[in-house]
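Visitor: Next comes the sequence, and after it the predicted model I'd like to discuss.
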Amino acid sequence: MDASTRDPYLIVAGHDAARKHLHDLLTAAPQDLTHNDMPLPEKPVFPRVQEIRVPTLILIGFGDIADNQAVAGALVMSIQGAVRVVVPDAGHLMYLEKSEEFFGQVNTFLSAHGF
């Protein structure tokens, strides 16, 4: 498996099926590892998050990198009424590692807000 599938922040240890699924996805679409078509925005967008006025769910895996943990914390403090859920035993790709919990959290949040 390539380095992307071994990254402990993407998928935490013990989720071998999710790691294999990621490997299979990247093998089927190898351009996802090599493309360089995602330029940074011209202006910083983070200050604008305070303008968000809709229910916002921020999901983060406990095993994700510290930078993403910090961004999740800043977002929940910046977006009025935002909710942060830290998913234990999951990394950045929690929807591969713990898909039932991920979609359960999303469905619960959407249902609670009338969606």
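Guide: Noted; the coordinates are in hand.
Visitor: Quick one: name whatever helix or strand follows the helix or strand of the chain with the lowest mean pLDDT.
Guide: None of the helices or strands of the chain scores lower by mean pLDDT, DSSP states H and E than helix 31-34, at a mean of 65. Of the helices and strands lying after helix 31-34 in sequence (DSSP states H and E), the nearest is strand 57-61.
Visitor: which SSE is the closest residue in space to D64 that isn't next to it in sequence in?
Guide: Nearest residue to D64 in three dimensions, chain neighbours excluded: H92, at 4.7 Å (C-beta to C-beta, 6 or more residues apart in numbering). All C-beta spots, glycine's among them, are computed from the backbone N, C-alpha and C. Under DSSP H and E, no helix or strand contains H92.
Visitor: go on, F103?
Guide: helix 99-112.
Visitor: For the protein, which residue occupies the most central location?
Guide: Note on the chain: the residue nearest the mean C-alpha position is H92, at 5.0 Å, using C-alpha atoms, centre = their mean.
Visitor: quick one: it and Y9 touch, right?
Guide: Yes - with contact defined as C-beta atoms under 8 Å, H92 and Y9 form a contacting pair (5.6 Å).
Visitor: tell me, what's touching those two both at once?
Guide: G63, D64, I65, N68 (C-beta atoms under 8 Å, 6 or more residues apart in numbering).
Visitor: Right, I'll leave it there.
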